[in-house]
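J.: Dropping a prediction and its sequence here:
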Amino acid sequence: MNLTSRMLARSSQCPRYEDIIFLPRSLNYKETARIGKAIAGEEWLKEALSPQQLSFDGDSEGNVFTVERLYSAYEHYRMQNNGDEPQWLNGRSRTLQGSFRNRYVCGEGLDQFAIVKGFPYTGVGYVVDEGGLTENVANVFGLHRLHNIRQLGYLHDPVVREMGKPAYGTTFDHTRYLHSLDVSAITTLIMLRNGCEKNFTASMRAAALTHDVLTPAGGDTTKLVDREAFNEETDYPKLLQGKEWESLSRAYGLSAGTMSDAVQGRGLPGTFLDIADKISYVSRDASAYYYRIRNEEITPGCRELNGFIEKNPLACSLWDSVRIEGNRAIITDAGKLRTLLALRGLLFRQLYQNPMARYFEHLLSSVIVRYLYVTGRLTKKMLLKMCDSELDGCITQVLGPKYCWGVIVGGIEDPHVEAFATRAEAEVREQELLREGMNITLIEHVGQIMKPCIYFLVTKKGRVMPFSEAYPRDAETISAFFRIGKPVRLYYSQWPLELGEHFKEALRLSHAEITTT
């Protein structure tokens, strides 16, 4: 199946591979109105619609209603005729055909396990049918818990604080479950484009679905408390055992070795999953950030990211440029790789490591969740079974209900962040703030958490080489996004004096931890 992002967007068909069906692009209101106007008065409409339905009033709403009536007639015909399509659809535009087939697959055409019509900047939409590999993997591995694990943990929208506005509801709500489905969809497309063997494809799809199954409640925020304990890659092979796994493996020809290689980053499976994972989280995170702030008064940094997205509507379509050559994965379109890595770099600078986005994430991870974890009130086993709402309840016990909501949605008054080149400078400033009466101060040293990932192989003038070697200037531009000039941050705020005893103890513990590490 030789699909590309642009081909799929313009397709009139819904290509299927086992339980996953890929969708042509759906139409927006303006496009629907334009099509309705274009077909008004055409003779074939008399075959499709009843006389009562043939009413054209010439305005946009009337044109949209015409297309909606056509879709209802199309859906009714297929349901009454074993899925066959009406003759009147023949000869219609590819756009109209694709739109009707898209809606039918997402509506009455299937018993859907999942519908993901919008997968931003990838050129992909998809539906997962019931009863296939995806549903069975989800049941065996307990993926449904990830429905309630936010992809970005307690990371917050930074824009409202940068602009000095009140902050409400600022955590991002896309989930690890959706991310897992996305990675599986992208992995499937890469496998299909390369004509991979059936069992290898099934194993890679299963690895993509399960690569985040060991994510604790609180996601990456919780992982900051004990990175070694919550290293998903280390514990992953332990999941591939037991009767349920053996039955699933036999049913779909799954290879524990291939799945472990993929999740642990080894060989060709590891490269495939690495690419699919980056495409997927960059897509969702960029979209969540963009749509959150596009109607706000925005900072120059936000404007830079927004402008980049608007100029690159297929910024995450790298999946159609991955080719197997021997035992290597080669990117055939270095421009697409450049675009994806640049967008990822912008996200790092504007969101992932923006101090104003991480204020409350650091407070929760370094103080409250750490306190619960170190004192044994939360354990690794508990966090791997819990979801975010259950962790929120534990945080409430420390903060008290009066303040918990304010922390989780970013409503605490007057939070501040200052950056310093050295810890000594930060400590001097911290003592000044304590003398001024600040009762919350935290120091964080930001390490190299993310790398620019300029190691992917590309082709240039017939040679295969790392992107950094083929395009050193572009690689340097991308690398610059990930450099942190002042890596020491001082977070502080003035909270009400009636802090609970648990919270006071958590603060004391956090400072002891900081000074001894």
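T.: Happy to help now that I have it. Residues are numbered from 1 along each chain as shown.

J.: residues contacting Glu31?
T.: For Glu31, the contact set (C-beta atoms under 8 Å, 6 or more residues apart in numbering) comprises Thr95. Where C-beta positions appear, they are placed from N, C-alpha and C, glycine not excepted.

J.: Specify the local secondary structure of it.
T.: Following DSSP: H, G, I helix; E, B strand; the rest coil, the label given to Glu31 is helix.

J.: which non-adjacent residue is nearest Thr332?
T.: Ser321 (4.8 Å; C-beta to C-beta, 6 or more residues apart in numbering).

J.: by contact count, what packs against the helix of greatest length in the chain?
T.: When the chain is parsed with DSSP state H, its longest helix is helix 267-293. Packed against helix 267-293 by the contact rule (3 or more C-beta pairs under 8 Å, 6 or more residues apart in numbering; DSSP states H and E) you find helix 176-193, helix 198-210, helix 256-263, helix 300-311, strand 322-325, strand 328-331, helix 334-347.

J.: Can you show me the strands along the stretch 1-150 of the chain?
T.: Counting by DSSP state E, counting those that start in this stretch, the stretch 1-150 of the chain has strands at residues 16-17, 20-22, 112-119, 124-129.

J.: Is it possible to get TSV of those that adds mean pLDDT, mean neighbour count and distance to Lys461?
T.: Below are the strands of the stretch 1-150 of the chain laid out as TSV (pLDDT from 0 to 100; neighbours: other C-beta atoms under 10 Å; distance: least, C-beta to C-beta, whole Å):
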stretch	mean pLDDT	mean neighbour count	distance to Lys461
strand 16-17	96	16	35
strand 20-22	97	24	34
strand 112-119	95	17	33
strand 124-129	96	24	31
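
J.: Out of those, flag the one nearest Arg284.
T.: Nearest to Arg284, of all those, is strand 112-119, at 8.4 Å by C-beta to C-beta.

J.: Please list the residues outside the closest one that contact it.
T.: Here strand 112-119 has contacts from 19, 23, 26, 102, 106, 125-132, 134-135, 138, 178, 181-182, 185, 283, using C-beta under 8 Å, 6+ apart.

J.: Stretch 349-359 now?
T.: By C-beta under 8 Å, 6+ apart, stretch 349-359 touches 155-158, 161-162, 285, 289, 301-302, 304-305, 410, 415, 417, 419, 446, 449-450, 481-482, 484, 489, 491.

J.: switch to 7 Å and redo it
T.: Identification of contacts with stretch 349-359 by C-beta atoms under 7 Å, 6 or more residues apart in numbering yields 155-158, 161-162, 285, 289, 301-302, 305, 415, 417, 419, 446, 450, 481, 484, 489, 491.

J.: Can you give me the domain assignment for this structure?
T.: Per automatic domain parsing, the structural domains of the chain span 1-110, 358-516.

J.: and the ones you listed, which one is worst for confidence?
T.: Note on the domains of the chain: lowest mean pLDDT is at domain 358-516, with a mean of 84.

J.: TSV for the domains of the chain, including distance to Gly218?
T.: What follows is those, written out as TSV (distance: least, C-beta to C-beta, whole Å):
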stretch	distance to Gly218
domain 1-110	30
domain 358-516	5
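
J.: out of those, nearest to Leu273?
T.: Here domain 358-516 is closest among these (C-beta to C-beta), at 13.1 Å.

J.: so Arg323 touches Ile330, yeah?
T.: Yes: taking C-beta atoms under 7 Å as the definition, Arg323 is a contact partner of Ile330 at 5.0 Å.

J.: quick one: Val369 and Gly218 touch, right?
T.: Yes: counting by C-beta under 7 Å, Gly218 is a contact partner of Val369 at 6.3 Å.

J.: picking that back up, among the helices and strands packed on helix 267-293, which comes closest to Leu399?
T.: Leu399 lies closest to helix 176-193 among those, at 24.4 Å (C-beta to C-beta).

J.: what packs against that closest one?
T.: Applying 3 or more C-beta pairs under 7 Å, 6 or more residues apart in numbering; DSSP states H and E, one finds that helix 176-193 contacts strand 112-119, strand 124-129, helix 198-210, helix 267-293.

J.: repeat that with 8 Å
T.: strand 20-22, strand 112-119, strand 124-129, helix 198-210, helix 267-293, strand 322-325.

J.: now the helices for the stretch 401-517 of the chain?
T.: Along the stretch 401-517 of the chain, the stretches classed as helices by DSSP state H, counting those that start in this stretch are 401-409, 423-435, 467-470, 472-481, 501-516.

J.: I appreciate the help and will end here.
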